[in-house]
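**Student:** here are the coordinates; sequence isn't available:
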């Protein structure tokens, strides 16, 4: 899921969310979630799909306590 989010592969992200909703909670070594990665890469459609999932926790922060929203127009 992390790679698909980074690439903006909306179809694959949707497939993974449907088959394994807990994949939204995956983390990189620095604590980034798929949502954070998609936001950082500016993949707004992927971010919106993830946010629409009841399994997505948009309040999470990475290991450095950063939110990853600014590139998709979701605030500072």
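**Tutor:** Received it, and whenever you're ready, just let me know what you need. These numbers come from a predicted model, not from an experiment.
**Student:** quick check: residue 37 vs residue 15, distance?
**Tutor:** To residue 15, residue 37 is 17 Å away according to CB to CB, to the nearest Å. Yep, even glycine has a C-beta here, placed from its N, CA and C like the rest.
**Student:** more crowded one of those two?
**Tutor:** Just comparing residue 37 and residue 15: by other CB atoms under 10 Å the higher neighbour count belongs to residue 37, 24 against 13.
**Student:** and the next helix or strand past the helix or strand of the chain with the lowest mean pLDDT?
**Tutor:** With mean pLDDT, DSSP states H and E as the measure, the helix or strand of the chain carrying the lowest mean pLDDT is helix 2-7 (a mean of 86). Elements were assigned by DSSP states H and E; along the chain past helix 2-7, the next helix or strand is helix 10-19.
**Student:** might one say that residue 4 is in contact with residue 13?
**Tutor:** Yes. With contact defined as CB atoms under 8 Å, residue 4 counts as touching residue 13 (4.9 Å).
**Student:** what do these two both touch?
**Tutor:** Counting by CB atoms under 8 Å, 6 or more residues apart in numbering, the shared contacts of residue 4 and residue 13 are residue 34.
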